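Student: predicted structure and sequence below. I'll ask about it afterward.
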Amino acid sequence: MNTLEAIAARRSIRRFKDTPVPDEMIHTVLRAAIQAPSGKNRQPWRFVVVREDKRDDMVRIMREGIDRVEELGHGLGSSRWTAKIMAHAPVTIFVFNDAQEHTPGNLMWDEPGDVVDVQSIGAAIQNILLAAQEIGLGTLWIGDVFYAYDRIIEWLGEGHQMIAAVSIGYPDEQPGPRPRKAFDEVVRWLD
Ligand SMILES: Cc1cc2nc3c(=O)[nH]c(=O)nc-3n(C[C@H](O)[C@H](O)[C@H](O)COP(=O)(O)O)c2cc1C
C-alpha cells in the first residue's frame, strides 16, 4: 500500500475486534509517529500507551470526567459514545505536548499550546493513523478525551498538556468514505 492508497483507504473506526494487538505493531505505529516533521525539530510529542489490562480503569476515569462536566451543566457532545468505543479498543494511545505544562484544576482543554507544536503533534498523530492503516489496524483519533481532561492527566501521572488520544485495534467494520467538502470549496488558486 503506498501513501496515497493508505490516505484514501483510512477511515475512523468505531468498532474493534476483541483480538489483541501485539506490542510490536504499536511500536511500528509509534516509530512512524516520531518520524513526523516538527517545528524547529522540537519533537514536542509524548505518548502514553494504555493496553487492555488498564482499559477498564481508563474508561472509568473517562466516565468520571464526563459525569463531572455534566454535573456542571456543560454539553457533553459525543463524549459518552466515544467512551463506549474506547471501552472496546484493545489499545488507546494518549498524546501529550511536552512543551506545555498542565495546570492542575483545568477541567477541560482550554489553552492551545504553541500553535506550531500542536501542528507538529497533529502530524505525528496522522502518521500513527496511516502507519496503522498500512499494517491492517483501524484507528480513531479522539478529541472527546477533553471531557475528562483533568481526570485523565491525573490518572496517567502526566504533567503536560494532553492533545488527543488514538484508539487502535483490528477493525470490525468497513465504513465507506465520509463526506468531504468539494475541492473547489476549500481550495483557491491565486491567479
Ligand atoms: C482532532 C480530531 C478529533 C476527533 N475526535 C473524535 C472523537 O472524540 N470521537 C469520535 O468518534 N471521532 C472523533 N474524530 C473523528 C472524526 O469524527 C472523523 O475523522 C470525521 O468524521 C471524518 O471521518 P473519517 O475519519 O472516517 O474520514 C476526531 C477527528 C479529529 C481529527
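Tutor: Sure thing, it's come through.
Student: phi and psi next, for Thr19.
Tutor: Main-chain dihedrals, Thr19, degrees, to the nearest 10: phi -50, psi 130.
Student: report the contact partners of the residue nearest to it when sequence neighbours are not counted.
Tutor: In this structure, Thr19 finds its nearest non-sequential neighbour in Tyr170, 4.9 Å apart by C-beta to C-beta, 6 or more residues apart in numbering. The C-beta positions use only the backbone N, C-alpha and C, and glycine is treated the same way. Under the criterion of C-beta atoms under 8 Å, 6 or more residues apart in numbering, the neighbours of Tyr170 are 16-17, 19, 21, 90, 136-138.
Student: pull out the buried members of those residues.
Tutor: Taking 16 or more other C-beta atoms under 10 Å as the criterion, what is buried in these is 16, 21, 90, 137-138.
Student: of the residues you listed, which belong to strands?
Tutor: Mapping the buried ones among the contacts of Tyr170 onto strands (DSSP state E) picks out Gly138.
Student: pick the one among the buried ones among the contacts of Tyr170 closest to the ligand.
Tutor: Within the buried ones among the contacts of Tyr170, distances to the ligand taken as C-beta to the nearest ligand atom reach their minimum at Gly138, with 10.0 Å.
Student: hmm, the helix or strand hosting Ile61 in reach of the ligand?
Tutor: Using DSSP states H and E, Ile61 maps to helix 55-71. No - in terms of C-beta under 6 Å from any ligand atom, no part of helix 55-71 sits within range of the ligand; the closest distance is 10.7 Å.
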